[in-house]
Structure formats: C-alpha cells, structure tokens
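Asks: Provided below for reference: sequence and predicted model.
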Amino acid sequence: AVLHAAAARADLLMARRIVVLTGAGISRESGLATFRDADGIWAQVRIEDVATPDAFARDPARVQGFYNARRAQLRDPAIAPNAAHLALARLEREHPGEVLLVTQNVDDLHERAGSTRLIHMHGELMKARCMSCHGASPWRADIAPDSACPACDARGRLRPHVVWFGEMPLAMEEIGAALEACDLFVSIGTSGNVYPAAGFVAEVRGRARTVELNLEPSEGASLFDEAMHGPATQVVPAFVDALLRGA
Ligand code: APR
C-alpha cells in the first residue's frame, strides 16, 4: 500500500496542471447569495435592469446602487472565506505553480483565503474601472457620481469592474492556454448556465480528468468523469485531502 501511495503521489507530482473553476456556490456558505437558486440574486432583480451595458446607459444610478450594495455586503467582516476557499488555497500551496484558479465570482474570498494564482474572468467587486483611462483600481467604497479615478483623476467616469452580460470575459487567452495544458479540471459551485465557463469541461474532457464538486448536478454534469455532490465546505476539503493523499 505504501509503495502504491508513493507511486501515486509521484504520479501526482509529475508535471500536474490543475485548473479549478469556481462559481457562486463556493461562496454560498460564507453568506453570499448565488444567482439562480430560489433565494438567488436573479430572483430579486432582473439581469436586464442591473447587469448589462444598456442598463448602465439607461439608469447608471440604479446599476451603481446595485453594485455598491453588494460591495458594502462584502465589506461586512461576517462575510469570510469558508473551508472550501481555504482548501483550494492549501492545494495551491502544496502544488506551487501547478494550480490555476479561474473564478466567475466577483467577491474577494479566494484572495482572502490565500489563493494567489487566480483569474477573475467576470471582474472584481472590490475594483472600479475608469471609462476614460480604462484602468481598474482597487475600490472598496461606494462609487459616487463624482468619484475620481485614482489613476487619471477623471471625475464621474467610474463603473464597477464587473463583466456584464454581452461583454467579453477577462483573460480568456490565459484561461484557454491553461485549459489546453491541464490534466485535471475541477468545477466547483457553478450551475453551468453561463458561457464561456460552462463550455470549459467540453474543451478538456477526454484529455483531462474532469470532476464536478457541487451541491447538486449542474447543467453540464453528464460531461464530467467524476462528481461529488454536497455543500462545498464538505466536498471541496474532502476532494483536496484525497488529491493530496495521491488519489
Ligand atoms: N455548495 C456547493 N454548491 C452550491 C451551494 C453550496 N453550499 N449552494 C449552491 N450551490 C450550487 C448550486 O447548485 C448551483 O449549481 O452553486 C451553483 C450556483 O449557480 P449560479 O447561481 O448559476 O451561479 P454561477 O454558476 O456562479 O453563475 C455564473 O452567472 O449571473 C452570472 O456573472 C454571474 O458569475 C455569474 C455567472
């Protein structure tokens, strides 16, 4: 058994390339709502009213208000990384340079858990983007109508640094390269409803081992080799422990 485990671990330590995709489900047990569950954000407010460029052009105050409220919630110290975020940070520490975390989430819980090789493909609530210089700057406060860009000083030109429907996700080239090279793809806490993230498993299956960790089967569940269904704070630490034991 020891020899087998050692061999398995050696196999694991061979140039492993692990891509982990996360969605709102990983932050649910930290107290942040998901989008499509019964108590989700899109059950309270319509996408076309707050999460499209047209919505922002039509009623910027309403859109700023929606993201200011979500940013204010994220400043609440009661909202903290959970065991799932922490397990992914541990996986990165134990496999330096081999784990890339691609999140659809705009919260900062992965960073606060200690993950560093992280891509926010839908942007970040705690950054503001300037519509004059196009720079994104750290921003934890409300965005007011006369807020000045920290980079170029333009006033009243800041928007949430969040990708709206109809806009291009960020870092897609880097993500595509990582998907091309990975031999393990793990999808956590996402319903598989929104592209391009929902298409990642189809890109890698057959070439990489594919695993879904989710409360319940997602839209793309049938495309995964393996699945563990349950709350992220249970299934993610369990999966990471097994992976680090050489499973
Ligand atoms: N543990 C694990 N999974 C959970 C938990 C939990 N505690 N609670 C809910 N889930 C799962 C749900 O079963 C669902 O499959 O998380 C998933 C959340 O799905 P969505 O609400 O659709 O969120 P997400 O997949 O991240 O949405 C993708 O849509 O609205 C856009 O830009 C937004 O990034 C978001 C994108």
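Replies: Looks like it came in fine.

Asks: rest of the way, CA atoms for contacts and neighbours
Replies: Noted.

Asks: Counting by contacts, list what the longest strand anywhere in the chain packs against.
Replies: Longest among the strand segments of the chain by residue count, using DSSP state E, is strand 123-130. Counting by 3 or more CA pairs under 8 Å, 6 or more residues apart in numbering; DSSP states H and E, the packing neighbours recorded for strand 123-130 are helix 60-75, strand 136-138, strand 158-162.

Asks: who's in contact with that strand?
Replies: Around strand 123-130, the neighbours that count as contacts under CA atoms under 8 Å, 6 or more residues apart in numbering are 67, 70-71, 104-108, 135-140, 143, 149, 154, 157-163, 169-170.

Asks: Is the ligand within reach of that strand?
Replies: No: with CA under 6 Å from any ligand atom as the measure, strand 123-130 is seen stopping short of the ligand, the closest distance being 9.0 Å.

Asks: Also stretch 109-118?
Replies: No: in this structure, stretch 109-118 remains apart from the ligand according to CA under 6 Å from any ligand atom; the gap is never smaller than 13.8 Å.

Asks: re the thing from before, out of the contacts of strand 123-130, which are close to the ligand?
Replies: With the criterion set as CA under 6 Å from any ligand atom, the members of these near the ligand are 104, 105.

Asks: beta partners of the most centrally placed residue in the chain?
Replies: A centroid search over the chain (CA atoms, centre = their mean) returns residue 103, at 1.9 Å, as the residue closest to the centre. In this structure, residue 103 bridges to residue 22, residue 120 when assessed by DSSP bridges.

Asks: how much space between it and residue 56?
Replies: Remark: distance between residue 103 and residue 56 (CA to CA, to the nearest Å) = 24 Å.

Asks: With residue 139 instead?
Replies: Counting by CA to CA, the gap from residue 139 to residue 56 is 19 Å.

Asks: pLDDT averaged over the longest strand of the chain - what is it?
Replies: For strand 123-130, the per-residue pLDDT values average out at 98.

Asks: number of nearby residues for residue 115?
Replies: With neighbours defined by other CA atoms under 10 Å, the count for residue 115 comes to 21.

Asks: Helix or strand for it, just tell me which one.
Replies: When secondary structure is defined by DSSP states H and E, residue 115 falls outside every helix and strand.

Asks: Around the ligand, pick out the residues from the protein.
Replies: 23-26, 28-29, 34-37, 104-105, 189-192, 194, 214-216, 218, 231-232.

Asks: returning to what we had before: ok, the longest strand of the chain: who's next to it in the sheet?
Replies: With DSSP bridges as the test, strand 123-130 is paired with strand 136-138 (antiparallel), strand 158-162 (antiparallel).
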